[in-house]
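Student: my questions concern the predicted model and sequence given below.
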Amino acid sequence: MAGLNGGGTSVIVRLEIHKELVTFGRIATAIGDAGGDIVAIDVTRASKTTTTRDITVKVSDPEHTETITKALQVIPGVRIINVSDQTFLLHLGGKIEVTPKVPIKNRDDLSRVYTPGVARVCMAIHEDPSKAHSLTIKRNTVAVVSDGTAVLGLGNIGPEAAMPVMEGKAMLFKQMAGVDAFPICLDTQDTEEIIRTVKAIAPGFGGINLEDISSPRCFEIEERLINELDIPVFHDDQHGTAVVILAGLLNAVKLVGKQLESCKVVITGIGAAGIACTKMLISAGVTNVIGVDRQGAIVRGDEFTNKAWEWYAENTNPGLERGTLSDVISGADIFIGLSGPGVLKQDDVKRMATDPIVFAMANPTPEITPEEAEPYVRVMATGRSDYPNQINNVLCFPGIFRGVLDCRASKITQEMKLAAAKAIASVVNEDELNEYYIIPSVFNHAVVEKVREAVMEAAFESGVARRRSQREINEAHHE
Ligand SMILES: NC(=O)C1=CN([C@@H]2O[C@H](COP(=O)(O)OP(=O)(O)OC[C@H]3O[C@@H](n4cnc5c(N)ncnc54)[C@H](O)[C@@H]3O)[C@@H](O)[C@H]2O)C=CC1
Ligand SMILES: CC(=O)C(=O)O
Ligand SMILES: [Mg+2]
């Protein structure tokens, strides 16, 4: 399996090589001895005495790059000009751009897309605001809004540092589902200010995807925006994650021959994702869920400063099990990690019930590595792209928003989320199902289409769809 901390990447080392002092063979040997794998060599400049080469080297993590750099630094006749990480290169200047749909070639075009022609379109929308859906980008746009407080498992790293994740989400929206998503990182952590700002920018959007906003503020922000806006608002870390976890569990329990309803489930990290996941499992019939956060298991009767945990304590842990994760994990059928790195130990997995299912979902470093867990688990999943069974909300948010934009839903109901989970699970056929394939690949095109259809169907049934029929939707696509 691939290594952690970036899952293996490549770096380009630009070297100035003094021809009389050193051979390329010496350099290649030094890189090889340091464990680097040379995958490409380009000569970028040559003179009588020196050559400059870009050497692309596969490395396992940043420390490995450091080791290789040090090995090269000590070779006489070698000067390191630059070391560029491919991942950083890919981020230079950001990852997305806005592209016009039609070119402006002459004054006639200009007078239509802009003034004076555009004014007639503005007035049409002024007279009938619902026309914004057909005459502006609103019908295909989603704002990906973060305040940078719970970015992946990295914590409160601020709005600027959150941007690469939000740009990545926007790329995925477009590539997977054709949705035009805009990364919007807010320089405030104040609940009221976030609500006010999202409401103020809402007219240009068909949906709001809240992302990486820490709990418990995320609950009030989402609830208020759902109630106060007429477009769908969806906190991806809560519901996208819960949908995908349920999809994975439906298939995992089928594989191990257990009933989800009778499983003992232990969840660590009772934040945005952990609470939503618990609610989703309860609505799927699970009765024995135990939540563990930093201070231990959440038990009814205890005092909590976090209001969301009061609900949690009332509705989970029927056996009132107390203690640390290690205490309550005994006999668990399923572990779901939505906390941080290294929280689950091998000894804990050994004490789970037979055929344990472990979803270690913290990003980028899971609660236990697949390498550590593998000898003792039956089914192992992480949130990462470089291991089998990637349980990540990217399997949900593109399809769910494609569906709600297409049927112009005003809300995303619990029924729509359950329908999305079942749709994702259904992409894996019974004869394909195995320990390393409980969830479809992010690149399986069937996922978005199935989720879209299931979500629209459930939206029609829940009465939140504002387009009446599939035919109407198809016609609108060809407008
Ligand atoms: N694979 C996926 O699709 C997704 C994974 N996640 C991961 O889940 C984790 C939590 O995300 P959110 O719920 O959005 O954050 P959050 O900040 O709302 O909640 C995190 C919770 O975990 C608890 N926690 C942190 N370290 C802990 C530890 N060592 N032991 C017990 N509890 C601990 C915190 O006290 C907090 O209650 C992150 O690592 C994130 O990357 C979140 C969403 C989707
Ligand atoms: C995948 C994701 O949204 C997260 O880790 O926060
Ligand atoms: Mg997230």
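Tutor: Structure received. Ligands and ions are numbered 1, 2, ... in the order given.
Student: show me the shaky parts of this protein.
Tutor: Applying pLDDT under 70 to the chain flags the ranges 1-8, 468-479.
Student: taking it, what residue is nearest to ligand 1?
Tutor: Gly271 (1.7 Å; C-beta to the nearest ligand atom). (Each C-beta comes from the backbone N, C-alpha and C, glycine too.)
Student: next up, the contacts around that residue.
Tutor: 150, 214-215, 293, 338-339 (C-beta atoms under 8 Å, 6 or more residues apart in numbering).
Student: what's the distance between it and Thr241?
Tutor: Distance of Gly271 to Thr241, computed by C-beta to C-beta, to the nearest Å: 11 Å.
Student: how about Val233?
Tutor: From Val233 to Thr241 the distance is 16 Å (C-beta to C-beta).
Student: check for me that Ala124 belongs to a strand.
Tutor: No - per DSSP: H, G, I helix; E, B strand; the rest coil, Ala124 lies outside any strand segment and is helix.
Student: check the offset of the helix or strand Met380 falls within from the chain's centre.
Tutor: Element membership for Met380, per DSSP states H and E: strand 379-382. The chain centroid and the centroid of strand 379-382 are separated by 16 Å under C-alpha atoms, centre = their mean, to the nearest Å.
Student: what does that strand rub up against?
Tutor: With C-beta under 8 Å, 6+ apart, strand 379-382 has contacts from 248, 252, 255-256, 355-361, 366, 370, 373-374, 387-391, 435, 438-439.
Student: which residues touch the nearest residue to Thr87 once chain neighbours are set aside?
Tutor: Excluding the flanking residues, the one nearest Thr87 by C-beta to C-beta, 6 or more residues apart in numbering is Thr9, at 5.5 Å. Going by C-beta under 8 Å, 6+ apart, Thr9 touches 58-59, 85-87.
Student: before we move on, what about Ile282?
Tutor: When contacts are counted by C-beta under 8 Å, 6+ apart, Ile282 touches 289, 315-316.
Student: by neighbours, which of the residues you listed wins?
Tutor: Thr316 (26 neighbours; other C-beta atoms under 10 Å).
Student: number of nearby residues for whichever residue of the stretch 301-450 of the chain sits closest to ligand 2?
Tutor: Among the residues of the stretch 301-450 of the chain, Asn363 lies closest to ligand 2, at 3.8 Å counting by C-beta to the nearest ligand atom. Asn363 has 17 neighbouring residues, counting by other C-beta under 10 Å.
Student: doesn't it fall inside a strand?
Tutor: No - with three-state DSSP as the criterion, Asn363 is located in coil rather than a strand.
Student: what's around the nearest residue to it once chain neighbours are set aside, how many residues?
Tutor: Distances taken as C-beta to C-beta, 6+ apart place Leu152 nearest to Asn363, at 4.2 Å, with adjacent residues excluded. Using other C-beta under 10 Å, Leu152 has 15 other residues around it.
Student: the one 5 residues further on too?
Tutor: By the other C-beta under 10 Å criterion, the neighbourhood of Ile157 contains 15 residues.
Student: check the secondary structure at it for me.
Tutor: Per three-state DSSP, Ile157 ends up coil.
Student: do you know how far the residue lying closest to it once chain neighbours are set aside is from ligand 2?
Tutor: What sits nearest to Ile157 in space, not counting adjacent residues and going by C-beta to C-beta, 6+ apart, is Val151, at 5.1 Å. Distance of Val151 to ligand 2, computed by C-beta to the nearest ligand atom, to the nearest Å: 7 Å.
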